[in-house]
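[1] generate coordinates for the sequence data below:
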Amino acid sequence: MALLHKTEIRPGKLELLSTWLPTRTWYDGPPEPSLDRVGAARFDDPAGEVGLEIMLVRAGDGPVLHVPLTYRGAPLDGGEEFLVGTMEHGVLGTRWVYDAAGDPVFTEVLAGVIRDGGEQAVEEVHGDGEVVVREPHLLLRGSGSAASPAADPGTDDVTRINVADGALWLFRTPESAAAPESSEASGDAVLTASWSGLDAPIVLARLTA
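    Residues are numbered from 1 along each chain as shown. This is a model prediction of the structure:
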């Protein structure tokens, strides 16, 4: 379960991303983008220390961009190249925001979700003296498959991350990586996402041996 707080955050996540995205080699959009949130969902850190979020955003009429983020209460050792920025959280104070591709807590959890057929975490929002369970608008699903055979994804907009049992591939413009008709039938070890208005789930990440 992901515990969230109803509070003010400065700067906002989209504001941070609007300055960070143009510095990425896989980003192919305007230099000063105005971003819209397509969807977001959380995973649960078993230790309860790191915020783990899958963010999907879009700049104008451009493609959907997959930008997973982690939120920490202190800098990540050796994580300077993955730092998106810092923000002030009204309850938790200063938060260091990272591209989750460089955060070992995220990559371990993501690999587990794919292997075990996991889903996004239930989100509890605490504020104004009440607790509200947020209805999910972005649905995430792991295939429940062992790592697929290693293969070149055949696209440049991919981030490769070495993990204990192989490699994770994050598709940064996931509409270019269509989901297989049946992950179980194909044996693909993937994380897929779906949301209202989408014709079929799309692949956000793949786990290979």
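
[2] show the end-to-end separation of stretch 29-44, please.
    Stretch 29-44 has an end-to-end distance of 31 Å (criterion: CA to CA, to the nearest Å).

[3] neighbours around residue 64, how many?
    Residue 64 has 21 neighbouring residues, counting by other CB atoms under 10 Å. To be clear about C-beta, it is placed using only N, CA and C from the backbone, and glycine gets the same treatment.

[4] neighbouring contacts of stretch 12-28?
    If you take CB atoms under 8 Å, 6 or more residues apart in numbering as the criterion, stretch 12-28 is touched by 29-37, 55, 57, 59, 62, 65, 67, 69, 84-85, 87, 97, 99, 156-159, 172-173.

[5] any quick ChimeraX command for the buried ones out of the residues you listed?
    In ChimeraX, this line selects whichever of those come out buried by 16 or more other CB atoms under 10 Å:
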select :29,33,35,55,57,59,62,65,67,69,84,87,97,99,157,158,159,172,173
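
[6] among the contacts of stretch 12-28, which lie within strands?
    Here DSSP state E is the test, and the contacts of stretch 12-28 give 35-37, 55, 57, 59, 65, 69, 84-85, 87, 97, 99, 158-159 as lying in strands.

[7] distance check, the residue lying farthest from the centre of the chain against residue 8.
    Using CA atoms, centre = their mean, the residue of the chain lying farthest from its centre is residue 129. It sits 29.4 Å away. According to CB to CB, to the nearest Å, residue 129 stands 17 Å off from residue 8.

[8] between the ones in strands among the contacts of stretch 12-28, which is nearest residue 148?
    Among the ones in strands among the contacts of stretch 12-28, residue 158 lies closest to residue 148 (CB to CB), at 14.2 Å.

[9] contacts only, for that closest one.
    Residue 158 sits next to 26, 169, 170, 171, 172 when contact means CB under 8 Å, 6+ apart.

[10] please list only the buried members of these.
    The neighbour-count test (16+ other CB under 10 Å) marks 26, 169, 170, 171, 172 as buried among these.

[11] wait, the second one sits on residue 159?
    Yes: under the criterion of CB atoms under 8 Å, residue 169 is in contact with residue 159, at a separation of 7.3 Å.

[12] give me the next element, helix or strand, following the biggest helix by length in the chain.
    Criterion DSSP state H: the longest helix present in the chain is helix 104-116. Remark: after helix 104-116, the chain's next helix or strand is strand 123-127, criterion DSSP states H and E.

[13] for that following strand, packing partners?
    strand 2-5, strand 130-134 (3 or more CB pairs under 8 Å, 6 or more residues apart in numbering; DSSP states H and E).

[14] which stretch in those strands has the least confidence?
    Here the lowest mean pLDDT among the helices and strands packed on strand 123-127 goes to strand 2-5, at a mean of 62.

[15] one step back: ok, which pair from the buried ones among the contacts of residue 158 is furthest apart?
    Spatial extent of these (CB to CB) is set by the pair 26 and 169 at 12.3 Å.

[16] picking up where we left off before, now the contacts of residue 158 in JSON lines, with distance to residue 44 and pLDDT?
    What follows is the contacts of residue 158, written out as JSON lines (distance: CB to CB, whole Å; pLDDT from 0 to 100):
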{"residue": "26", "distance to residue 44": "27", "pLDDT": "93"}
{"residue": "169", "distance to residue 44": "23", "pLDDT": "95"}
{"residue": "170", "distance to residue 44": "19", "pLDDT": "96"}
{"residue": "171", "distance to residue 44": "23", "pLDDT": "95"}
{"residue": "172", "distance to residue 44": "24", "pLDDT": "96"}
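
[17] many thanks, we can stop here.
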